[in-house]
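1. Show me how the following folds:
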Amino acid sequence: MRLVCYGVLTLAACAGCANATPDAAAPAPEAAVYAVLLDSVIHYRSDTVVVLDSTASLPPGEVQSRVGTRVDSMPPTLPAVLDRLTESTQSTARLPFPRPIYLLSNATLREMFSRGIATGWNEFHRRYPRQPGYLTVSPVALSADTLDALAYYEFRCGGLCGQVQFVWITRRGTKRWHVRKIVGFLVF
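-> You can find the predicted model right below:
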């Protein structure tokens, strides 16, 4: 009887495995890439992140012109993929952030800063205490083998505080995602 029970349990467990998708237990690579972006690049240590409610939109060819000539060992398709992903905006709420986010609309941002930069930042910090600033991100461009990723972000933290950069994040040769190269074109 014991042998029959074990056999039935094993069969049931195997049947469940056959129906499970292999990625169901593994987190999306995009979530891991955003975690590295928040932790390693902009040192965002807050438990909640203030993010603009729509992704970054860039002029056609912007990624290839800014990144393509500066990074020699990056998979060559990544800049073109990110160019395609940033042709239009999409809802940031759909991105797999590793932490809770506050969505900041463009209308709210305009309203907060309508009376000037200093007044706007005072109002921002009143509404979002303990937040150093807000983030605008692109969707993550992944290589075909999902070992490399390219993302764009803008981090605003004051009138003369912020950065705008492309970040190549990889797990090639390791099991953990890490920043391979940053191509910055504006730090203020």
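
2. rest of the way, CA atoms for contacts and neighbours
-> Will do.

3. which stretches of the protein form helices?
-> Taking DSSP state H as the test, the helices found in the chain are 2-19, 29-36, 62-67, 78-85, 106-112, 117-127.

4. List the buried residues in the fifth one.
-> Meaning helix 106-112. Buried residues in helix 106-112, counted by 16 or more other C-alpha atoms under 10 Å: M112.

5. what's that helix in contact with?
-> Contact partners of helix 106-112, identified using C-alpha atoms under 8 Å, 6 or more residues apart in numbering, comprise 52-53, 119-121, 123-124.

6. Now for the residues you listed: which two are most distant?
-> For the contacts of helix 106-112, the farthest-apart pair by C-alpha to C-alpha is D53 and T119; their separation is 21.7 Å.

7. So those two - more neighbours on which side?
-> Just comparing D53 and T119: by other C-alpha atoms under 10 Å the higher neighbour count belongs to D53, 21 against 12.

8. A141 versus that one, what's the distance?
-> Relative to A141, D53 is positioned 19 Å away (criterion: C-alpha to C-alpha, to the nearest Å).

9. Flag the shaky bits of this protein, pLDDT-wise.
-> 1-27, 69-70 (pLDDT under 70).

10. got the contact list for the most centrally placed residue in it?
-> The centroid of the chain falls nearest to Y34 when counting by C-alpha atoms, centre = their mean (3.4 Å). Residues touching Y34, when contacts are defined by C-alpha under 8 Å, 6+ apart, comprise 96-98.

11. Between those residues, which sits nearest S88?
-> Of all those, the one sitting nearest S88 is P96; the distance, using C-alpha to C-alpha, is 18.4 Å.
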